[in-house]
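S.K.: Sequence first, then the predicted structure:
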Amino acid sequence: MIELRAFDTLGGADHGWLRARHHFSFSDYQDPARMNWGALRVWNDDAIQPNTGFPPHAHQDMEIITYVLEGAISHQDSLGNQGRTAAGDVQVMSAGSGIRHAEYNLEPGVTRLFQIWILPAQAGGAPSWGARPFPRDDRAGRFVTLASGLPGEDEALPIRTPGRVLGATLPAGDTLDYALAPGRRAYLVPARGSVEVNGVTVGTRDGAAITDEPVLRITAREDAELVMVDTL
């Protein structure tokens with residue numbers, strides 16, 4: 001089953017400094033049919049104006065993955081961590097028993113990013129933060145695991161849930177297969193370009209909620225950049 005969630009059907013908010021589209025219920029946007037997809041709780045598509053951002057605020061018991069599409073985001077938190085995550089790169093914050101953080105766009109232009117929240121397998125634990133580059137060229141024609149809580153995927157950023165976040169770039173006309181294990185769910189968003197997934201067209205920034213599809217055959221209708229979550 002593939003449920004297409006077209007970009008123009010997503011929830012949204014315009015705060016001036018922040019324009020956001022919500023794939024799932026978030027803040028003032030509430031849709032009982034879009035509360036989560038398995039352990040995937042939030043997928044926000046954010047555009048943050050220069051010299052603005054999210055001031056210090058608290059989180060608890062959530063795995064928060066930030067995938068930067070354009071520009072960069074600068075992070076600071078109550079553990080003393082500081083870092084700048086640029087386009088194509090990824091940061092992960094495990095909120096654990098509690099953490100305060102701020103995220104600012106200190107760049108001269110708009111920063112665009114995906115903010116993905118996944119429920120942890122267990123509550124509590126020491127909070128943590130980390131970031132690393134994932135060059136887009138390294139993902140050409142294949143999925144690379146960006147963040148994972150699954151055994152044997154130690155090169156990815158760690159998350160505390162039995163799932164993974166993947167990224168790929170796919171030239172127009174090329175096809176990529178992905179095996180989805182029984183009982184698992186995938187959520188796929190083309191950051192750029194459009195693709196067909198088992199015959200279903202998924203456009204730029206659309207969401208595809210997928211289950212009970214043993215193999216995903218993804219064909220690029222145009223040059224595409226993909227982000228996908230595979231989780232229980």
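M.R.: Great, that's in hand.

S.K.: can we go C-alpha only for contacts and neighbour counts from here?
M.R.: Noted.

S.K.: shaky segments in the protein?
M.R.: Applying pLDDT under 70 to the chain picks out no residues at all.

S.K.: so the residue nearest in space to the middle of the chain bridges to which residues?
M.R.: Among the residues of the chain, the one closest to the centroid is Ile116, at 4.1 Å (C-alpha atoms, centre = their mean). Beta-bridge partners for Ile116, by DSSP bridges, are Trp43, Ile65.

S.K.: From what I see, it and Trp43 are in contact.
M.R.: Yes: using C-alpha atoms under 8 Å, Ile116 is in contact with Trp43, at 4.5 Å.

S.K.: Could you pull out the helices in this protein for me?
M.R.: In the chain, no helices are found when defined by DSSP state H.

S.K.: returning to that earlier point: run through the residues that contact the residue nearest to the centre of the chain.
M.R.: Leu40, Arg41, Val42, Trp43, Asn44, Ile64, Ile65, Thr66 (C-alpha atoms under 8 Å, 6 or more residues apart in numbering).

S.K.: what's the answer for Ala208, then?
M.R.: Shown in contact with Ala208 (C-alpha under 8 Å, 6+ apart): Ile2, Glu3, Leu4, Arg5, Ala186, Tyr187, Leu188, Val189, Val202.

S.K.: Buried among these? Make that a PyMOL selection.
M.R.: Here is the PyMOL command that selects only those of these that count as buried (16 or more other C-alpha atoms under 10 Å):
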select buried, resi 2+4+5+186+187+188+189+202
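
S.K.: of all the contacts of Ala208, which comes closest to Glu213?
M.R.: Distances from Glu213 to the contacts of Ala208, taken as C-alpha to C-alpha, are shortest for Ile2 (8.1 Å).
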